[in-house]
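**Q** Just to be clear, the model below is a prediction. Sequence and coordinates:
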Amino acid sequence: MDDNQNITDLDRVKRVDKEIPSQEDLYELADFFKVFADSTRMRILAALEIEELCVGDISYLLNMTQSAISHQLSVLKTNRLVKTRRDGKMIYYSLDDDHIKSIMKVGLTHIRER
């Protein structure tokens with residue numbers, strides 16, 4: 001069987017093939033978006049979009065233990081969604097960069113479209 005028999009526009013397929021991100025990049029992108037698939041992490045990101053906070057503040061805000069919040073912040077930090085700032089003994093968390101804000105804004109805009 002000829003693999004090309006179902007192609008309707010070979011030039012278009014070749015253009016897409018040249019421009020589509022690599023499988024490795026798409027794999028990393030899928031992993032990146034998996035981090036957003038947890039509602040607790042999303043709540044943390046939403047809070048940090050408004051203000052930098054320490055673990056205790058986030059714990060109080062989300063009504064969760066500091067241990068649970070620390071675990072989720074570790075996941076977020078490992079995936080470069082949040083960063084830290086030390087002030088004496090306190091560590092404050094904030095969104096890593098404006099890309100995270102943009103991703104959240106676009107996502108919220110999309111889900112609110114009806």
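**A** Nice, thanks for sending it over.
**Q** How about Asp38, nearest residue that isn't a chain neighbour?
**A** In space, and not counting its chain neighbours, Asp38 is closest to Gln72: 7.3 Å by Cβ to Cβ, 6 or more residues apart in numbering. C-beta here means a position set from N, CA and C on the backbone, and glycine is covered the same way.
**Q** Tell me the pLDDT of the one you found.
**A** Listed pLDDT for Gln72 reads 98.
**Q** what's near enough to touch it?
**A** Gln72 is in contact with Asp38, Thr40, Arg41, Ile44, counting by Cβ atoms under 8 Å, 6 or more residues apart in numbering.
**Q** I'd assumed Thr78 was in contact with the third one.
**A** In other words, Arg41. No - at 11.5 Å, Arg41 and Thr78 do not qualify as touching, with contact defined as Cβ atoms under 8 Å.
**Q** Of the two, which one has the most company?
**A** Neighbour count, other Cβ atoms under 10 Å: between Arg41 and Thr78, Arg41 has more, with 18 against 10.
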